[in-house]
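Colleague: got a predicted model here, sequence first, then my questions.
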Amino acid sequence: MNCLNETEIQRYLDGEFPKHMLPEISEHLISCSICSELYEEAIESKNQVFSFLDEVSAFEQAIVIPEFLPKQYTIRLKLIVYWLSAAATILLFVVFGIHMKSQSIKQKQLENTAKATYEFTRNTDPNKMFHDKQIIVVMTNSSGEVVETSITE
Amino acid sequence: MDFDSIYKKHYQELYYFALKQNLLHAEAADVLQDVFTGFYKQLSSNAQIENPKAWLYSVLMNTIRTHSRISKSREIINNEIASRIQTTMDMETDFHKNEKLHIVESCMMQLSTTDKNLLLLYHQGFSYHEISEILQMNSVSVGTCIARATKKLKSILISQYYELFE
């Protein structure tokens, strides 16, 4: 039998070789000093690394295992969240729609009941710009009666 | 074996394994919730899982890989790991043991992610076949990788903390 390489020694050490090959390898390890030395070295390395990793495991304290939330409850909870989100969105649209409608009704009422005309005040400087002139706004209803008057600043 | 017994049996070791993957405590709990939900679904759909432990570790590794928050909170993670080591050290009276713990943790952080996971799984007692499935690597190369990772870790330990080998 040929000498074992690094991988084969590791596999033998970890019992990863097929059973029928084990006697042959064992015999070789007894007869070959080089392989035997490598094998001893691999055992030593494994033990050293494992003892160090064991040190970390030794500090792992028992934890409180949380109760597992089964699938049905998770899905039910998700569905509740989805439905609540949908309801909130619909409610938002309804409130917005109602608000818009009330605004348009107000506007319509103003259009139907009043008509705005304007005239300049008597002592207005004609050289001033339009937006600088003082004007009187007269609001009249459909039958021509004055509803409201206002003077701009 | 039913779900509850597997859940209780493996939760703690998976939790500590997740912590060793640089996850925060809350993140580890979240990831485990996802892993066990997947496991629950598999069992509910009558899917055959020959080796539940290896399956759980495999899904855990995949979940951690896709966990986007890991990279974002790298600084916080490092701080928490440092504080975790410190807290453990404060709690324990045996200074020599604490020193070793600190050494192992810092040495493990110097290894590549693959080497670290390989050694952790190897230490957990998984076979080469199981390790290859969990880490999605060729089963033929597992032995070689383990031998090299073991040597690498040992050389790091010797180079930095040679007094432990005297």
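Modeller: Thanks, I have it.
Colleague: all contacts plus neighbour counts: C-alpha atoms, from now on.
Modeller: OK.
Colleague: per-domain residue ranges of chain B.
Modeller: For chain B, automatic domain parsing gives the domain ranges B:3-71, B:92-165.
Colleague: kindly export stretch A:26-44 (C-alpha atoms) in CSV.
Modeller: The C-alpha coordinates for stretch A:26-44 follow below in CSV (Å, rounded to 0.1, in the frame of the first residue of the first chain):
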residue,chain,number,x,y,z
SER,A,26,-4.1,0.1,10.1
GLU,A,27,-1.4,-2.3,9.0
HIS,A,28,0.3,0.4,6.9
LEU,A,29,0.2,2.8,9.8
ILE,A,30,2.0,0.2,12.0
SER,A,31,4.6,-0.5,9.4
CYS,A,32,5.3,3.0,8.0
SER,A,33,6.9,5.4,10.4
ILE,A,34,6.2,8.5,8.3
CYS,A,35,2.5,7.9,8.0
SER,A,36,2.4,6.9,11.7
GLU,A,37,4.0,10.2,12.6
LEU,A,38,1.6,12.2,10.4
TYR,A,39,-1.3,10.3,12.0
GLU,A,40,-0.1,11.0,15.5
GLU,A,41,0.3,14.6,14.5
ALA,A,42,-3.2,14.8,13.1
ILE,A,43,-4.6,13.2,16.3
GLU,A,44,-2.8,15.8,18.4
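Colleague: run through who's touching it.
Modeller: Stretch A:26-44 is contacted from outside by A:1, A:3-4, A:6, A:9-10, A:13, B:147, using Cα atoms under 8 Å, 6 or more residues apart in numbering or on different chains.
Colleague: return the set of buried residues in the helix or strand where residue A:54 lies.
Modeller: Under the criterion of DSSP states H and E, residue A:54 resides in helix A:33-58. For helix A:33-58, burial by neighbour count (16 or more other Cα atoms under 10 Å in any protein chain shown) applies to A:35-36, A:38-39, A:42, A:45-46, A:48-50, A:52-53, A:55-56.
Colleague: where do the helices sit along chain B?
Modeller: B:3-20, B:25-44, B:52-65, B:69-72, B:74-91, B:95-110, B:113-124, B:128-134, B:142-160 (DSSP state H).
Colleague: now tabulate these in a markdown table and tack on mean pLDDT, mean neighbour count and distance to chain A.
Modeller: Formatted as a markdown table, the helices of chain B follow (pLDDT from 0 to 100; neighbours: other Cα atoms under 10 Å in any protein chain shown; distance: least, Cα to the nearest Cα, whole Å):
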| stretch | mean pLDDT | mean neighbour count | distance to chain A |
| --- | --- | --- | --- |
| helix B:3-20 | 88 | 17 | 7 |
| helix B:25-44 | 86 | 17 | 7 |
| helix B:52-65 | 89 | 18 | 15 |
| helix B:69-72 | 54 | 12 | 22 |
| helix B:74-91 | 55 | 14 | 8 |
| helix B:95-110 | 72 | 17 | 6 |
| helix B:113-124 | 89 | 18 | 7 |
| helix B:128-134 | 91 | 20 | 7 |
| helix B:142-160 | 87 | 18 | 5 |
